[in-house]
Structure formats: C-alpha cells, structure tokens
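Novice: Got a sequence here, can you model it:
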Amino acid sequence: MTRSSKATSLEILACDAGWRNYHFVKLTTDDGIVGWSEFDEGFGSPGVGAAIQRLSARVVGQNVFQHERIHAELYAATRPAAGGVVAQALGAIENALLDAKAKCLGVPCYDLLGGKIRDRVRVYWSHCATWRINHPAWYKPPIESLDGVKAMGREVREKKFTALKTNIFSYDDGKPTGWRPGFGSPFAPEINVDRKILRDLHMHLEAIRDGAGPDVDILLDCNFNAKTEGYLKILRTIADIDMFWVEIDSFNPEALGYIRRQSPHPISSCETLLGLREFLPYFREQAMDVAIIDTPWNGVWQSMKIASAADAFEVNVAPHNFYGHLCSMMNAHFCAAAPNLRIMEIDIDRLAWDRELFTHEPEIQNGHLVIPDRPGWGTEPNEEALRAHPPKTSGGLLNYGRKS
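Specialist: From the prediction side, this is the model:
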C-alpha cells in the first residue's frame, strides 16, 4: 500500500455488445495496479473515447489518490467547452481513478464514498419487454404480441423481482413496435402524441400489470418522446394505472415542474444532465420526485455531490444504469453509500456472452443486488474475452430510425 501511486498509462478498450458496443478505460499505475471504468458512446455521445485519449496526457504521471485535484485540473483545461462528451470523458477518468485508489488501499470503492449504508439494494428490471421487442436477435424469447408482454410481467414476478420498467410501444395487427420519435424512430421532429399511441400505451401497461400482478411496481420511461402537451396527455391516459413513477426527459425545468404539478404519478428525470450546475434549476423548480444520475457520465465522486444537493432539496436519487456489468457495479457502490437512494436500475435480459466479458456478475437475490466487498468496483473486464468480441463500427442510438 502506498500514498503515491502514479498513473503510467490510460487505454481505451471496446467490444461488441449486440446492438451497441461496450467501452472501457484501463488505467495502469507504476506499482502495477489497474483501475477500470466503463463509459458509453452509444447513448447520443459519439467521441467520448477520443476525448479521454486527448485528456490522458494530463493524467499520466499524476497520483491516483488525488482524483479530486485531477478532475479539477481537467475541468479547468476544458472549461470553455464544459459538458457533453468532455464531461463524460472526465467522468470516465474519475471512475478509473477511484477503482485504482480503492485497490491501492485494498478496500471497496464504497469506502471512498463514506462507507456503505446498506448491504443490499432494491433493483427494478429495466427495459422489461423492451429489449425482447426491439432487439429480438439478442434477447430471447422475442415478444411479438400482448400475450408475450403479459408473460414477461409474469416472469418478473416469478423470478421474485419487485419492480419493472417498460417503454412506449405502438401495436399494429397485434405486433408491438418501439415508439421513440425523440430518438428518431420513427423520425417525427414535431414529436406529437396521437390517440393511437395513447390507446396502445394503456393496453401495453394493462397487459404487463396483468402478468406481473398487483404487488410488482411498474415504472414507465417516456424518454424525450414528447413535448409538454404530449407528456400531459400520457399522464392523463394512464391515470387509472398504479405507477411507481413515470420517467420524463425535458430540457426545460419549468416545463417539467408544470408537468409534475399536474401528474397523478411521481415523476423521475435528469438522467442526461451533467454536473451539479445542470441539476440545480430542476431542484429549485421541484421538477421531479426522483433525480436520476448517470454516474458513468458524471463520475461516481461527482455524483455523490449531486445526491447530497438533491437531499437538501428533499429529493431522492436513482442511478441511470443500462450498460455493462462494470457500470452496474459502479452504480452499486454509489447506491450503497448514497443516503437518499430510491431504487436502482438494472437490465436483467443480457447478451449471451455478457458473462464472459467480466470477472464477476452482479449477484441478485429476491430482487435486490448484493453489494460486493471485493476491492475497487468488485469486477473487471476480461481482456481476452473483449478481444474475442471485437467492436462493431456502428450501433447505439446513431442507428435508430436509420434508412438502409
């Protein structure tokens, strides 16, 4: 153990993850410690890896114990273009530094965050039915009807999960299709919500409730798929359905606050925000019941600051987590240490080769993730497996709605 462990290299690794790629930072120190983090370029963020590589020269030679100073230096060097992929690059570097520091000390990362408050974290099954509808080649069995949606809800209950989250679907001749114009599929720049979408959404939620039963909490993710008018129509349409929350993305905190004050359901939001400064207008507006924080984007250390601010505004937090197993473990340590945690997102439907890519998978018991006590994040990418699944040249949201 040493108080001076200097970074000697920063590398970018990636692998095939079905409809997208997984991306990783590998930070090596002069005493042989390797710190890892996972980041993402497919959720509207092309170029994060290039930004990390450009910033790496400011990291190599620095003491990984001083991650706050390193982050501050990198922020100062990029201040004229703060945010966006630059902020995500800083987050990815910070997370690798945290893993390396924790391993130097021989402790789990949650010890760096103040210590764990909880040993287990309640999770919700995210993209429930969604992956099997939108990406049937990778997630089995494919769902092609309302009966399949109902069976998915039943599967969640039978596997002892207590909560699930689904998305908006349009049904044509009984077959569901993902409706996500906010992501260009279908491409409809005006993003209006018509009667058919409202009817189909209510039908979809009824089917998943029928399968899941009365005791499983249901969450709905609307993403950026409407304007204020459309979100209000959605909320009125599903007012009779018992919802844990409705997740809404809006670039306007006043508009979101207006929506929340008329909503029969709790509202969650902010998964695409970067840095505490971007969250503050939403907190001041009391725009949401739960603030969603993307810790791979923001960095787990910075995310703890956002969570503390949320707590001061009487707002609970939840992590944005739909990436690989390393991201899930990074989020698990955040969840273990954040006092005002609501619930944790996780994808249960996985790629067939996901288990090969990481040294440890998240351990889930009765709908709760068990917090590991291994040093660092508690899992690492398997480099040999990454090489066996080379990354594709396309994928993620950049391919949504694209004409062949």
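
Novice: wouldn't residue 297 be in contact with residue 87 here?
Specialist: Yes - here residue 297 reaches residue 87: they are 7.0 Å apart, a contact under Cβ atoms under 8 Å. In short, each C-beta sits where N, CA and C put it, glycine included.

Novice: who touches both of those two?
Specialist: Between them, residue 297 and residue 87 have residue 274 as joint contacts when contacts are counted by Cβ atoms under 8 Å, 6 or more residues apart in numbering.

Novice: Would you verify that residue 206 is located in a helix?
Specialist: Yes - in this structure, residue 206 lies within a helix as judged by DSSP: H, G, I helix; E, B strand; the rest coil.

Novice: That one against residue 241, yeah?
Specialist: Yes - Residue 206 sits in contact with residue 241 when judged by Cβ under 8 Å, with a separation of 7.2 Å.

Novice: how many neighbours does the closest residue in space to residue 178 that isn't next to it in sequence have?
Specialist: By the measure of Cβ to Cβ, 6 or more residues apart in numbering, the closest residue to residue 178 outside its immediate chain neighbours is residue 134, 4.6 Å from it. Residue neighbour count, defined by other Cβ atoms under 10 Å, stands at 21 for residue 134.

Novice: What separation is there between residue 134 and residue 264?
Specialist: With distances taken as Cβ to Cβ, to the nearest Å, residue 134 is found 28 Å from residue 264.

Novice: In contact with residue 299, which residues?
Specialist: Shown here is residue 299, whose contacts under the criterion Cβ under 8 Å, 6+ apart are 71, 90-95, 98.

Novice: brain fart, residue 117
Specialist: Residues in contact with residue 117 (Cβ under 8 Å, 6+ apart) are 336-339.

Novice: quick check, residue 153 in a strand?
Specialist: No - per three-state DSSP, residue 153 lies outside any strand segment and is helix.

Novice: thinking residue 395 is in contact with residue 23, fair?
Specialist: No - contact status for residue 395 versus residue 23: not in contact, 11.1 Å apart, counting by Cβ under 8 Å.

Novice: Tell me which of the two has more neighbours.
Specialist: For residue 395 versus residue 23, the count of surrounding residues by other Cβ under 10 Å is larger for residue 23: 25 against 16.

Novice: which SSE is that one in?
Specialist: Per DSSP states H and E, residue 23 falls inside strand 20-29.

Novice: Just checking: what are the partner strands of that strand?
Specialist: Strand 20-29 has the following sheet partners, assigned by DSSP bridges: strand 7-17 (antiparallel), strand 34-39 (antiparallel).

Novice: What residues sit buried inside it?
Specialist: Of the residues in strand 20-29, those buried by neighbour count under the rule 16 or more other Cβ atoms under 10 Å are 20-29.

Novice: domains of the protein?
Specialist: 6-107, 112-397 (the TED database).

Novice: can you put the ones you listed in TSV and add mean pLDDT?
Specialist: Below are the domains of the chain laid out as TSV (pLDDT from 0 to 100):
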stretch	mean pLDDT
domain 6-107	97
domain 112-397	97
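
Novice: Would you map the helices across this structure?
Specialist: With DSSP state H as the criterion, the chain has helices at 48-55, 67-78, 84-105, 130-134, 146-158, 195-212, 228-237, 253-262, 276-284, 295-298, 300-312, 325-337, 354-357, 383-388.

Novice: To residue 185, which of the ones you listed lies closest?
Specialist: Shortest separation from residue 185 across those is recorded for helix 130-134, at 9.2 Å, computed as Cβ to Cβ.

Novice: And that closest one, how far out from the chain middle?
Specialist: 17 Å (Cα atoms, centre = their mean, to the nearest Å).

Novice: who does it touch, helix- and strand-wise?
Specialist: Under the contact definition 3 or more Cβ pairs under 8 Å, 6 or more residues apart in numbering; DSSP states H and E, helix 130-134 sits against strand 175-178.

Novice: List the buried residues for the strand it packs on?
Specialist: Judged by neighbour count (16+ other Cβ under 10 Å), strand 175-178 contains these buried residues: 176, 178.

Novice: Need the residues that contact it.
Specialist: In this structure, residues lying in contact with strand 175-178 by Cβ under 8 Å, 6+ apart are 129-130, 133-134, 143-146, 149, 167-171, 185, 204.

Novice: between those residues, which is closest to residue 197?
Specialist: Closest approach between the contacts of strand 175-178 and residue 197, by Cβ to Cβ: residue 170, at 6.1 Å.

Novice: ok, how many other residues are close to the closest one?
Specialist: In terms of burial, residue 170 registers 17 neighbours under the definition other Cβ under 10 Å.

Novice: swap in residue 110?
Specialist: Counted with other Cβ under 10 Å, residues neighbouring residue 110 total 25.

Novice: Same check on residue 140?
Specialist: 11.

Novice: Tell me who's in contact with the residue nearest to it when sequence neighbours are not counted.
Specialist: Beyond its immediate neighbours in the sequence, the residue positioned closest to residue 140 (Cβ to Cβ, 6+ apart) is residue 132, lying 7.2 Å away. Taking Cβ under 8 Å, 6+ apart as the contact definition, residue 132 lies against 139-143, 148, 152, 349.

Novice: go on, residue 84?
Specialist: For residue 84, counting by Cβ under 8 Å, 6+ apart, the contacting residues are 45, 274.

Novice: For residue 51, see how far away it is.
Specialist: To residue 51, residue 84 is 9 Å away according to Cβ to Cβ.

Novice: Residue 305: neighbour count?
Specialist: For residue 305, the neighbour count with other Cβ under 10 Å is 14.

Novice: need the contact list for residue 255.
Specialist: Residues in contact with residue 255 (Cβ under 8 Å, 6+ apart) are residue 228.

Novice: Against residue 285, how distant is it?
Specialist: Using Cβ to Cβ, residue 255 is found at 9 Å from residue 285.

Novice: do the same with residue 57
Specialist: Residue 57 sits 40 Å away from residue 285, taking Cβ to Cβ as the criterion.

Novice: More neighbours: which of these two?
Specialist: In this view residue 57 and residue 285 are compared by other Cβ under 10 Å, and residue 285 has more residues nearby, 18 against 9.

Novice: mind listing what the more buried one touches?
Specialist: Shown here is residue 285, whose contacts under the criterion Cβ under 8 Å, 6+ apart are 253-254, 256-257.

Novice: repeat that for 10 Å
Specialist: For residue 285, the residues meeting the contact criterion (Cβ atoms under 10 Å, 6 or more residues apart in numbering) are 252-258, 260-261, 313.
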